[in-house]
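Undergrad: Generate coordinates for the sequence data below:
(2 chains)
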Amino acid sequence: MKRLFADIHATLCSREILQLYYKLGYTHVACLEKQAEHNLHSVNTRTVIVDKVVISASNIDDLKSALTRIEHKRTIVTVHPETTEVARWCTHDSRVDTILLTPSNIRVFDKGQFNIMKYYDKPLEVHVPHLLYSSSDIKTQFYRKLNMLLRHRIGLTLGTSTRSLYDLVHPVVVIKAVKTLYDVPERVALLALTDIPRQLIARKQPG
Amino acid sequence: MIDALLAIILVLILATTLILVCVLLKLKRLVKAYTAIIRAREETLSVKKPRKRYVVFTAICEERVKFEELTDAVSSRFKELFSENTYYKASPQLVLFDESTQRGVYRVTHIYLDHFIAALGLVKRIGGKKCVIVPLRTTGTLKRARELTRKLKF
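TA: Prediction:
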């Protein structure tokens, strides 16, 4: 198995989870929370691990103040915009790495938003559990948004949102699932788990 | 007199060329329609033979799982994701499963291989036990699949 995959969103990183990550072929992982950092040292040599922050904002002032507090050169910064104006504003901010699409803010992403995202080359982040375990109404909305994203040729990144050892999904399974359930071309799905997140993580890699 | 005749001839030539162009365009459309019909008929007549594919996998679970538990979990997940209709077209069968190593081989139709791999990997509970199923390799023969269950490292 070639080790070329990257996960842009792991909710919890423990020693066991990172070991399984490595076995499944992941080399780059962005962690929201690290469990006992000293224990991760031996795994660190094989896997690149960086910190990650998700900012949920409903107005621009909140977002601005949150961004000033974050060390964005060492951390992956993801914004979860709750309003259209926040979504538009965060797209052209260079400190923001990705913009998160969830069932709660799906209406924020319209044609205009995708146009701006294409202009500023900002990738869209989607979490795999949202794509797989949501209700059929939400899945329908996700299908439309992903289709729009593909037509605009915007970068897509997929995060597994792993919380425990058994939440982990094999990268090939994610690619096949996105391909069969959402008609996303296999090439795009592969890029969403390899090239795009790996570049983002490698940029934040310490040293 | 000669001028008038020439003018009439010219008009006639123009009219005939116009009529010819119209007829040719109509003919072109007709030819296109007929070729489309012939192609569609050929496509409906040529049914692909479903070939078998063998998926070698390993299960990482809290406790050891049994053959029946695994088949139940995989079939229900497949039906949940892709409907019963796709399930019998894919016809997945658990050919062998070693309960001591927790490795096995599934047989599936080549047309629905992607669907099956997606469903297999998304099984999260087998008989009430938390699990991660890792598809290791796909082969075309059972012999090679048997070899891989022993040889593949994970």
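Undergrad: Spell out which residues belonging to chain B are near chain A, please.
TA: B:60, B:62, B:81-82, B:114-115, B:117-118, B:120-122, B:124, B:130-136, B:154 (C-beta under 8 Å from any C-beta of the partner chain). Every C-beta, even on glycine, is put in place using the N, C-alpha and C of the backbone.
Undergrad: Pull out the buried residues from those.
TA: Buried by 16 or more other C-beta atoms under 10 Å in any protein chain shown: B:60, B:81-82, B:114-115, B:117-118, B:120-122, B:124, B:131-136, out of the residues of chain B next to chain A.
Undergrad: Could you pull up the residues touching the closest residue to A:Leu24 other than its chain neighbours?
TA: Once flanking residues are discounted, A:Leu24 sits nearest to A:His170: 5.5 Å by C-beta to C-beta, 6 or more residues apart in numbering or on different chains. Neighbouring residues of A:His170 by C-beta atoms under 8 Å, 6 or more residues apart in numbering or on different chains: A:Leu24, B:Gly121, B:Val132, B:Ile133, B:Val134, B:Pro135.
Undergrad: for chain A, where's the lowest mean pLDDT among helices and strands?
TA: Lowest by mean pLDDT, DSSP states H and E among the helices and strands of chain A is helix A:41-44, with a mean of 57.
Undergrad: if we can go back for a sec, where strands are concerned, which of the contacts of A:His170 count?
TA: B:Val132, B:Ile133, B:Val134, B:Pro135 (DSSP state E).
Undergrad: so the third one touches B:Val55, yeah?
TA: No - proximity of B:Val134 to B:Val55 does not meet the contact threshold set by C-beta atoms under 8 Å, at 10.8 Å.
Undergrad: Overlap of the contact sets of the two?
TA: Common neighbours of B:Val134 and B:Val55, using C-beta under 8 Å, 6+ apart, do not exist here.
Undergrad: Quick one: residues contacting the closest residue to chain B within chain A.
TA: Closest contact between chain A and chain B, by C-beta to the nearest C-beta, is at A:Val173 (2.7 Å). Shown in contact with A:Val173 (C-beta under 8 Å, 6+ apart): B:Ile117, B:Ala118, B:Leu120, B:Gly121, B:Leu122, B:Pro135.
Undergrad: For the longest helix seen in chain A, list the C-alpha coordinates in PDB.
TA: The residue-count maximum for a helix in chain A (DSSP state H) belongs to helix A:136-152. The C-alpha trace of helix A:136-152 is given here as PDB (Å, rounded to 0.1, in the frame of the first residue of the first chain):
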ATOM      1  CA  SER A 136     -31.500  12.100   3.000                       C
ATOM      2  CA  ASP A 137     -32.600  15.800   2.800                       C
ATOM      3  CA  ILE A 138     -29.100  16.900   3.800                       C
ATOM      4  CA  LYS A 139     -27.500  14.400   1.500                       C
ATOM      5  CA  THR A 140     -29.500  15.800  -1.300                       C
ATOM      6  CA  GLN A 141     -28.200  19.300  -0.500                       C
ATOM      7  CA  PHE A 142     -24.600  18.000  -0.200                       C
ATOM      8  CA  TYR A 143     -25.000  16.400  -3.600                       C
ATOM      9  CA  ARG A 144     -26.000  19.700  -5.200                       C
ATOM     10  CA  LYS A 145     -23.300  21.600  -3.500                       C
ATOM     11  CA  LEU A 146     -20.600  19.100  -4.500                       C
ATOM     12  CA  ASN A 147     -21.900  19.200  -8.100                       C
ATOM     13  CA  MET A 148     -21.600  23.000  -8.100                       C
ATOM     14  CA  LEU A 149     -18.100  22.700  -6.600                       C
ATOM     15  CA  LEU A 150     -17.000  20.400  -9.400                       C
ATOM     16  CA  ARG A 151     -18.400  22.600 -12.100                       C
ATOM     17  CA  HIS A 152     -16.500  25.600 -10.600                       C
END
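Undergrad: which strands and helices sit next to the helix or strand that it is followed by?
TA: Once the chain leaves helix A:136-152, the next helix or strand it forms, by DSSP states H and E, is strand A:156-159. With contacts defined as 3 or more C-beta pairs under 8 Å, 6 or more residues apart in numbering or on different chains; DSSP states H and E, strand A:156-159 has these neighbours: strand A:5-13, strand A:124-127, helix A:186-193, helix A:195-204.
Undergrad: Now do A:Leu181, the pLDDT please.
TA: As predicted, A:Leu181 sits at a pLDDT of 94.
Undergrad: tell me which parts of chain A are close to chain B?
TA: Counting by C-beta under 8 Å from any C-beta, the positions of chain A adjacent to chain B are A:1, A:20, A:23-24, A:132, A:164-170, A:172-174, A:176-177, A:179-181.
Undergrad: make it 6 Å
TA: A:Tyr166, A:Leu168, A:Val169, A:His170, A:Val173, A:Lys176, A:Ala177, A:Thr180 (C-beta under 6 Å from any C-beta of the partner chain).
Undergrad: Secondary structure added to the residues you listed, as CSV?
TA: Shown next, in CSV, are the residues of chain A next to chain B (DSSP: H, G, I helix; E, B strand; the rest coil):
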residue, secondary structure
A:Tyr166, helix
A:Leu168, coil
A:Val169, coil
A:His170, coil
A:Val173, helix
A:Lys176, helix
A:Ala177, helix
A:Thr180, helix
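Undergrad: what would those residues look like in TSV with distance to B:Val108?
TA: Shown next, in TSV, are these (distance: C-beta to C-beta, whole Å):
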residue	distance to B:Val108
A:Tyr166	24
A:Leu168	23
A:Val169	19
A:His170	17
A:Val173	14
A:Lys176	12
A:Ala177	16
A:Thr180	13
